[in-house]
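# Make a model of this:
(2 chains, ligands or ions: 1)
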Amino acid sequence: MTLDIKEISSQLEKLKQDFQDDISGNKGSNLAEKIRIKYLGRKGQLTSLFALLGKVPAADRPVLGKQLNVLKQLFQQEIDKLAELESEQPQCIDFFDRSLPGVTKETGTFHPLYQVLEEIKGIFVSLGFTIESGPELETDYYNFEALNIPKDHPSRDLQDTFYIDDDLVLRTHTSPVQIRTMEKLKPPIRMIAPGKCYRKDAIDATHFPLFHQVEGLCVDRGITFADLKGVVEAFAHRLFGKNIKIRFRPSFFPFTEPSAEYDFSCVKCAGKGCNICKGSGWLEISGAGMVDPAVFRYVNYDPEEFTGYAFGMGVERIAMLKYQVADIRDFYENDLRFLKQF
Amino acid sequence: MKVTLEWLKKYIDFDYSADELAHHLTMLGLEVDSINQIDYQFDNVIIGQIESIEKHQHKPQLSICHVQVGSQRVSLVCGAPNVIPGMKVPVALTGAKLPHDITISAANIHGYKSQGMICSEAELGLSSQNDVIMELPENAPIGQDLKRYLGSGETVIEIDVTPNRPDCLGVFGIAREIAALIDSKIARPEIHLKESASLKIEDCIQVDIQNPESCPRYTARYIQGVKIGPSPRWLIQKLQAVGIRSINNVVDITNFVMMETGQPLHAFDYDLLQDQKIIVKHATEGEKFVTLDDKEHTLTSERLLICDGKKAIALAGVMGGVNSEISSESRNILLESALFNPTNIRRTSKALDLSTDSSKRFERGVDPEGMVYALNRAAELVCELAGGELAKGYIDSYPVQIPTRKIALSIDRTNHVLGTSLDKATIEKLLNRLEFITTAKDNDRFDVDVPTFRVDIEREIDLIEEISRLYGFDKIDSRIYSQLPLTLQQDPGEKFRQLVRDFIVRLGYNEITTLSLIAEAHAKKFTIYRPVKLKNPISEEMGTLRTSIVPGALQIIKWNKNRKIKSQNLFEVGNIFYFNSKQNDAHREVTKIALLKTGSVRSNNWIESSRETTFFDIKGDALSLLRQLNLNHFKMRAATVEFLDREQSVEILISENIVGYLGALSNKIQTEFDIEDTVYVAEFDLNALYQNYNWEKISQPVSKFPAVIRDIAVVVDQKLTTEKVEDVIWRAAGSYLQKLILFDVYRGKQIAADKKSFAFTLTFQSDQKTLTEQEVESNIQNILHALKTKLNAHLRA
Ligand SMILES: [Zn+2]
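Purely as a prediction, here's the structure:
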């Protein structure tokens, strides 16, 4: 009687599958030895297949022989590996200890600043804003001039700037993206520009030379200060909840007029006064205002036809409030014990 | 800008407490930073009256004063020359506290027992007057606590004045804001000057403005025969409260009037001026000048100088010269109250790094009509506090009249910007309260005359801001404007960045964000280009823009290692910078993705032991990322970058462009950053990946037919790369080969020493039919044949 080599091959295939299942299956005690006996023992399943060699046509013998040998080697290697593992392992012969620790995996995390930034972006995208970006290495024109901050003007003192040369600076705000976007598009515009900014500040608990800002801009016919208040309130309520109160007070920025600072009622004490709000009940968030007509002239918008509002916010500031982080440097130390909390 | 509540109340009557005032000013745009009560630094000092004085027996310069303090009569030893019977004086008895933590105890002075002391102003911390006893008014009640008698100290309010409001750099300006709030008017002190009949200003000084574009107006007064000396207590107290040190009566007066009016003043020692002349002109290029602070400056022709007939005597609007300074010997003085061009003063202040109370005001703009008042006010105070004869008249050189401003304001426009519906009367009233004069032109429009002290108001929008500010932002109802299109296009690049970060986090990496400013030495090691250096860095360590994310991230690895965190997977997506020498040295800003891995890939647990990270782990993570992004057509080749290990590194190319690299850091870098365990890094160019990314995803049907799996082991030359073997297999196999996995690499006793064995699992499958054994076997034979002929590879026995 001769056997069809094809049939034996598929038998081998199945045997290999069974073996893989056994070896990767539930760990019992002395599993390696049990599996060795099952497959490679004197009466083992693979061993017995070698006996079939004589029963296939002579021409097929070398092929089958090779297949059997490859398989035998594989089985032996796997069993050896398992045996080695078993010898190192604590044996739990007597009972199944379900309280042994699970084997956990270290998962990745997003940086807390970017978690907050994503949340801010999400809110504004849902309010119909687009996300725009621009370079961190910016020209004097975009960072100052076109934002109505002329050279030799005291308003330049509002920010301490890092200069590369007379014309090139590290942007001090993401407001230049407003200008770049308005140059590119015609109204209506409703955008936010998130990104890194730099100021030459001495490093302390609330200052770092690098920070992240989100600047918003909306330009169309009929946009008013009331719309600015509306959008900032909507944002605050989405981020910190319905109970947050928002306060606008007059201020000065060269690129907006009227200009305002806006404050949120303290997220910790709800306005009663605590250490976070220094007893005032209010937290200064950032600046806002109606786009100054002078800025529109730089981008060739007709200030008689269009009005707009702009607002800013610091991501660090909001993250510090949200997570009650007292020191801005925590975000930049990147201590893994800190990062993994978020 | 510091003011005190007490000072403000001299010009405007209001009932606010300091806290209430701070709130109202803040809501008006004058943000109050702090409120501080300046208290007297003494305690338990009482008022006494000297009844009689006898000379000390042995020390004639000492007197023994018998003083009535109400409840008792005490005898006090005193060394001051000005004590006379009947004088009311401050008395510190045993137990009283004086500044510098002094507590009075009974003392024996040259055999005479003193029960306390009579105090000078200096001893009470009230002024620097230390040679005479402080004399109190005749009606001061004997026995009363001195603190109660003097009343409260000063309540100092510090205001963060924005650059557009120079008018609020004077107490008048802030008082005007309060007046607008409570709908009142400020009362500036009335000035009564006693001018000399014989001494005329024209005979004393001539003023010549040679550069009127830099000095539009110059006013001056002359006072003869003043007595320079210490200032009275009230003046010192006011100046100290707002942070100005007392110098002498004349200088203090110029500072006081500047703080009051916002107009900087300067006093010259007239006798040090030559030719009785003031000439205002630009410096000659390279001219040297020594300012009051004893610093010598080399000037350019842009700098404006106040000169006499022969020499420069002041750096106009910034600081006086040491050569005409008021000293204790000065007898005759010239007071200057002038107007200088803001830009000119700012440039001078910046160029010479010299910012003064005066330059800060001039560079923001002072009231062109305010200088004569300030001049007269100062002259009046000098005559009152330092004596002297005031020359008749004053110089007012005003070559180019500064026009007053009239602005047209539309009510419609106002409401259109603010989102309000204010009527004409309301708007008019708000403007009038701020001292704007309104003239109605028609139903919609006003002509508005701007008061001269509001140099910031030039346009209609400035008026609209004034209206909104006084009206109150809180009274403007907010509105959610929803008529904008909701179809604005989102930037796909932003979405891609998000996608990449998501994938990397799924691979188990922790996102970091590091400072883009690093040391130049570090920046140079990670680029072939010229790094971008800051002109004005905080420090050398933060003096250059990063050329790679890696050096900054290595600092983080070190930080965590120092905290016993050995295994770290970190990533950052951020920009790097350099000058591109191939493109005209243009600056470039490129977004990079950096992955860093060190320590073990798996922590020790009771089932498995830990394993150290290898090159193939970072390679695997990088491949996983590329595959997740469906970027399968990349190539790898030996990397050429210096900071990577020469062997354990590759660069990654997509269509012949390098898009990234990965590998182990070189030993040199490891040593320089002082990190012991090998750090593996991968850095990609985000934009290059984005350019090759395909947003369109079209589903492919999965095969319904069974897969056939075969293992083969081949023995090849030690030096042959896996890539080559796999390449031969793929080319030799037909289209049925779907997957090729290398599952073992063996070197050892069982094979020849110059050989190695690769074991592969091959998966064959067709989406058309079930493959027959013959088909698979013939495929395998083709593969083995090709391996043998092309690579001299043999099937392992
Ligand atoms: Zn609070």
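# As a check, name the ranges of all strands in the stretch 101-250 of chain A.
Assigned by DSSP state E, counting those that start in this stretch, the stretch 101-250 of chain A shows strands spanning A:130-131, A:137-139, A:168-170, A:189-198, A:210-220, A:246-253.
# Please identify which of these is closest to B:Gly173.
Closest to B:Gly173 of the strands of the stretch 101-250 of chain A, according to C-beta to C-beta: strand A:246-253, at 14.6 Å. Every C-beta, even on glycine, is put in place using the N, C-alpha and C of the backbone.
# For that closest one, give me every contacting residue.
Strand A:246-253 is contacted by residues A:155, A:158, A:229, A:232-233, A:236, A:258-265, A:282, A:287-289, B:26-29, B:31, B:162-165, B:465, B:468-469, B:473-474 when judged by C-beta atoms under 8 Å, 6 or more residues apart in numbering or on different chains.
# tally of neighbours for the residue in the stretch 51-200 of chain B positioned nearest to the ion?
The ion sits closest to B:Asp160 of the stretch 51-200 of chain B, with a gap of 20.7 Å, by C-beta to the ion. By other C-beta atoms under 10 Å in any protein chain shown, the residues close to B:Asp160 number 13.
# and what of A:Pro250?
The tally of other residues near A:Pro250 (other C-beta under 10 Å) stands at 23.
# Equivalent analysis for B:Ala622, please.
Count around B:Ala622 with other C-beta under 10 Å applied: 26.
# do the same with B:Phe496
There are 18 residues near B:Phe496, going by other C-beta under 10 Å.
# where does chain A have low pLDDT?
Applying pLDDT under 70 to chain A flags the ranges A:1-2, A:26-29, A:89-94.
# those helices in it, which residues are they?
According to DSSP state H, chain A carries its helices in the segments A:5-24, A:31-40, A:45-50, A:61-88, A:112-126, A:140-143, A:176-184, A:225-240, A:293-298, A:315-323, A:329-333, A:336-339.
# Of those helices, which is nearest B:Leu169?
Proximity to B:Leu169 (C-beta to C-beta) singles out helix A:293-298 among the helices of chain A, at 23.9 Å.
# Roughly how far does the residue of the stretch 1-150 of chain A found nearest chain B sit from B:Asp502?
Per C-beta to the nearest C-beta, A:Gly108 is where the stretch 1-150 of chain A lies closest to chain B, at 3.7 Å. Distance of A:Gly108 to B:Asp502, given as C-beta to C-beta, to the nearest Å: 10 Å.
# Same drill for those two, tell me which one is more crowded.
Comparing A:Gly108 with B:Asp502 by neighbour count (other C-beta under 10 Å), the higher total belongs to A:Gly108, at 20 against 12.
# And the more buried one, how far from B:Glu572?
Using C-beta to C-beta, A:Gly108 is found at 12 Å from B:Glu572.
# Mutual contacts of the two, please.
Jointly contacting A:Gly108 and B:Glu572 under the rule C-beta under 8 Å, 6+ apart are B:Glu511.
# Contact residues of chain A facing the ion?
Taking C-beta under 5 Å from the ion as the test, the list of chain A residues beside the ion reads A:266, A:268-269, A:274, A:276-277.
# Just the buried subset of those residues, please.
Burial by neighbour count, 16 or more other C-beta atoms under 10 Å in any protein chain shown: within these this picks out A:266, A:276-277.
# got a list of what B:Leu335 touches?
Counting by C-beta under 8 Å, 6+ apart, B:Leu335 makes contact with B:220-223, B:254, B:265-267, B:375, B:378-379, B:382.
# Can you verify it is assigned to a helix?
No. B:Leu335: not assigned to a helix; according to DSSP: H, G, I helix; E, B strand; the rest coil it is strand.
# doesn't B:Lys724 fall inside a strand?
No. Secondary structure assignment (three-state DSSP) places B:Lys724 in helix, not in a strand.
# Can you give me the distance of the closest residue to it other than its chain neighbours to chain A?
Sequence neighbours aside, B:Leu791 is the residue nearest to B:Lys724 in space, at 6.7 Å (criterion: C-beta to C-beta, 6 or more residues apart in numbering or on different chains). Distance from B:Leu791 to chain A, counting by C-beta to the nearest C-beta, to the nearest Å: 19 Å.
# Spit out the contact partners of B:Leu791.
By C-beta under 8 Å, 6+ apart, the contact set of B:Leu791 is B:716-717, B:720, B:724-725, B:728.
# which of those residues are buried?
Judged by 16+ other C-beta under 10 Å, buried ones among those: B:716, B:720, B:725, B:728.
# Narrow those residues to those in helices?
Going by DSSP H, the helices hold B:725, B:728 from the buried ones among the contacts of B:Leu791.
# Close to chain A: what parts of the stretch 101-250 of chain B are there?
Applying C-beta under 8 Å from any C-beta of the partner chain, we find that the stretch 101-250 of chain B lies next to chain A at B:162-165.
# And the contacts of the host helix or strand of B:Leu305?
Using DSSP states H and E, B:Leu305 maps to strand B:304-307. By C-beta under 8 Å, 6+ apart, the residues outside strand B:304-307 that reach it are B:211, B:214-215, B:266, B:277-283, B:287, B:289, B:299, B:312-317, B:336, B:340-341, B:344-345, B:348.
# measure the single nearest residue of the stretch 601-750 of chain B relative to the ion to B:Ile557 for me?
Going by C-beta to the ion, the ion is nearest to B:Leu686 of the stretch 601-750 of chain B, at 40.4 Å. The gap separating B:Leu686 from B:Ile557 is 22 Å, by C-beta to C-beta.
# So which of those two has more stuff around it?
Neighbour totals were compared for B:Leu686 and B:Ile557, and B:Ile557 leads with 25 against 20 (other C-beta under 10 Å).
# Spatially nearest residue to residue 189 (excluding sequence neighbours)?
Chain wasn't specified; assuming chain A. Excluding the flanking residues, the one nearest A:Ile189 by C-beta to C-beta, 6+ apart is A:Val219, at 4.6 Å.
# Chain B, not that one
Here the residue nearest B:Pro189, using C-beta to C-beta, 6+ apart, is B:Arg377, at 7.0 Å.
# what's the burial count for B:Gln41?
For B:Gln41, the neighbour count with other C-beta under 10 Å is 15.
# In terms of helices and strands, where is it?
Residue-wise, B:Gln41 maps onto no helix or strand under DSSP H and E.
# dump the residue contacts of it.
Residues near B:Gln41 by C-beta under 8 Å, 6+ apart: B:98-99, B:124-125.
# For B:Cys78, see how far away it is.
Look at B:Gln41 and B:Cys78: by C-beta to C-beta, they are 21 Å apart.
# quick one, what contacts residue 243?
I'll assume chain A. Neighbour list for A:Asn243: A:265, A:270 [criterion: C-beta under 8 Å, 6+ apart].
# my bad, the chain I had in mind was chain B
B:Lys2.
# Look up how far chain A lies from it.
Here B:Gly243 is placed at a distance of 19 Å from chain A (C-beta to the nearest C-beta).
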